[in-house]
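1. this is the structure alone, sequence omitted:
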């Protein structure tokens, strides 16, 4: 078979021209509004909704069944049901089902929600005051200021620095809080032993964590991630939410779950929970007021539901079936799915089981991580194991996808050996490569990420289930691909050039199975070759 060059285009089918400022502003506003829906609970590697929505519209029709074998936080679920598709999603992590169902649930009565929140606030107010109220009066209204946080890590010398705000008049806002040294009362409240009578997670951390930055500090159980004061308060708050017979209980539990990491030892002035993709206990950590954080998370849930209802209006929506299980063995009938779109783990970059451990502990949920599709030396899961997992998942997807159905994979990895294995899995199951789209990630420029040789763009690859026909031609050399892209795009920066090169490499790996010698190619070596070609040009 002769190699057929595929037309690769940047994702942006509906994006207006840059000169049309009004349309761009409208699109930007819509994206920001819908982003609020997904802000109701933190999760890892959540993809922007807009490219996913475009892909679902492009490759499926009203009433079709869309499937996601690696559900994550449920972006594909919400975009599918909004576009009137039936949706089925599966994920091994119970947090995935919890967050997704909480995100897509349209049953929200704002009056009931506010009334029940007021009830919780009233019942918790005395405890909040006992634990976190200072003896420093507000200069404007005279009410005592509320503790925001107190530095208590081993890096700090006593008396610790504290920050406060006024709940009554807002003179000292949370972003511009009053700062002073801790006094005797502050220290007493922080160091006091609190008798815990309600449930707390006694769960022990696994003895082998791939990214363990806490056990050397003597932390072996989840409850040890908290100061005695915060652990006591969280136990009381959770007990109230679970036993108060609230109609909005699931939404308050969503806010509570999104609070527990911020109230732990994982937070400091210079670090936020999970920003380093591990449970890192910094020496400059502080103890945050968990009630303040809970109210902030409740507000995120409120805004999420308001935007969700506004977005859907009275239009018909698709139905969703969210399953906790493994993508390696899917309990669905053959040829029952119209379209598959997913964002699987990228290798070892994000350890979902490990990073969800505290959340799942507070939710009293445990699960077997052995089928987790991941690279993790501590679990004896190598690159080859990861590729084997992907192969098994792709095989299952080929079984349940209708003939001619399409499968969009959002994937990245800095090792081309992994790319080889992933693309080979699709070819082995008779998927034809039909489209590759590059979506730039927001944030720091690509050059900054290249310092660590980390991918900085999402790559959406679409296949069609049919008959794979390998090329009989000799594979093109990497240097030749780079030279060709430089000639075709002479004014492109090195970061832009990377996108053009990666498209061609994906095609080359796919159509020349077993021939393209890319196993030893890395982002580092590829960038070096591109920089040299760019300078020569």
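-> Everything's here; your move. This structure is a prediction, so every number in the text was calculated from the model and none was measured.

2. for the rest of this, base every contact and every neighbour count on C-alpha atoms.
-> Will do.

3. what about the most far-flung residue of the chain relative to its centre, is that helix, strand or coil?
-> For the chain, the largest distance from the centre (Cα atoms, centre = their mean) belongs to residue 142, which lies 42.8 Å off. Following DSSP: H, G, I helix; E, B strand; the rest coil, residue 142 is assigned to coil.

4. what's the separation between it and residue 136?
-> 9 Å (Cα to Cα, to the nearest Å).

5. likewise residue 254?
-> Distance from residue 254 to residue 136, by Cα to Cα: 33 Å.

6. what about these two, which has more around it?
-> Between residue 254 and residue 136, counting by other Cα atoms under 10 Å, residue 254 is the more crowded of the two (21 against 14).

7. so the more buried one is in which element?
-> Element membership for residue 254 (DSSP states H and E) is helix 249-257.

8. flag the shaky bits of the stretch 101-250 of the chain, pLDDT-wise.
-> Within the stretch 101-250 of the chain, the set of residues satisfying pLDDT under 70 comprises 170-176.

9. where do the strands sit along it?
-> Using DSSP state E, counting those that start in this stretch, the strands of the stretch 101-250 of the chain run over 133-137, 144-151, 161-165, 178-181, 212-213.

10. looking at the ones you listed, which one is packed in the most?
-> Comparing the strands of the stretch 101-250 of the chain by mean neighbour count (mean count of other Cα atoms under 10 Å), strand 144-151 ranks first with a mean of 24.

11. who's in contact with the residue nearest to residue 428 when sequence neighbours are not counted?
-> Spatial nearest neighbour of residue 428, excluding adjacent residues (Cα to Cα, 6 or more residues apart in numbering): residue 468 at 7.7 Å. Each residue near residue 468 by Cα atoms under 8 Å, 6 or more residues apart in numbering is listed here: 427, 428, 429, 430, 431, 432.

12. isn't the fifth one right next to residue 463, touching?
-> The one in question is residue 431. Yes. Using Cα atoms under 8 Å, residue 431 is in contact with residue 463, at 5.6 Å.

13. settle it for me: which of these two has more neighbours?
-> The residue with more neighbours, out of residue 431 and residue 463 and counting by other Cα under 10 Å, is residue 431; that gives 25 against 21.

14. tell me the bridge partners for the more buried one.
-> Legend: beta-bridge partners of residue 431 under DSSP bridges are residue 465.

15. distance of it from residue 362?
-> Going from residue 431 to residue 362 by Cα to Cα gives 42 Å.

16. hmm, back to that, widest-spaced pair of the contacts of residue 468?
-> 428 and 432 (10.1 Å; Cα to Cα).

17. the more surrounded of these two?
-> Between residue 428 and residue 432, counted using other Cα under 10 Å, the more crowded position is residue 432 (22 against 14).

18. which residue ranges make up each domain of this protein?
-> By the assignment in automatic domain parsing, the chain contains the domains 21-106+317-536, 110-305.

19. so where is the chain shaky, pLDDT-wise?
-> Residues of the chain meeting the criterion pLDDT under 70: 1-24, 170-176, 441-456, 470-473, 513-520, 537.

20. so which residue is smack in the middle of it?
-> Nearest residue to the geometric centre of the chain (Cα atoms, centre = their mean): residue 44, 2.3 Å.

21. now do the contacts for that residue.
-> Taking Cα under 8 Å, 6+ apart, we find residue 44 in contact with 350, 352.

22. thinking again about what came up before, and the domains of the chain as TSV, adding distance to residue 311?
-> Below are the domains of the chain laid out as TSV (distance: least, Cα to Cα, whole Å):
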stretch	distance to residue 311
domain 21-106+317-536	8
domain 110-305	10
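
23. Three-state assignment for residue 467, please.
-> coil.

24. so the residue lying closest to residue 79 once chain neighbours are set aside: helix, strand or coil?
-> Closest residue in space to residue 79, ignoring its immediate chain neighbours: residue 53 at 5.6 Å, by Cα to Cα, 6+ apart. Of the three states, residue 53 takes helix according to three-state DSSP.

25. next up, the contacts around residue 211.
-> Contact analysis of residue 211 by Cα under 8 Å, 6+ apart lists 278, 279.

26. now do 6 Å
-> By Cα atoms under 6 Å, 6 or more residues apart in numbering, the contact list for residue 211 reads residue 278.

27. can you check residue 263 too?
-> Counting by Cα under 6 Å, 6+ apart, residue 263 has contacts 288, 290.

28. residue boundaries of the strands in the stretch 401-537 of the chain?
-> Here the stretch 401-537 of the chain has its strands, by DSSP E, counting those that start in this stretch, at 401-411, 431-440, 457-465.

29. beta partners of residue 179?
-> Assessed by DSSP bridges, residue 179 has beta-bridge partners residue 163.

30. number of residues surrounding the residue nearest to residue 101 when sequence neighbours are not counted?
-> Excluding the flanking residues, the one nearest residue 101 by Cα to Cα, 6+ apart is residue 322, at 7.5 Å. Residue 322: 19 surrounding residues under other Cα under 10 Å.

31. wait, a helix at residue 322?
-> No. Applying three-state DSSP, one finds residue 322 to be strand, outside a helix.

32. right, and it touches residue 87 too?
-> No. Residue 322 is beyond contact range of residue 87, at 8.2 Å (criterion: Cα atoms under 6 Å).

33. could you give the number of residues near residue 524?
-> For residue 524, the count of nearby residues is 15 (other Cα under 10 Å).
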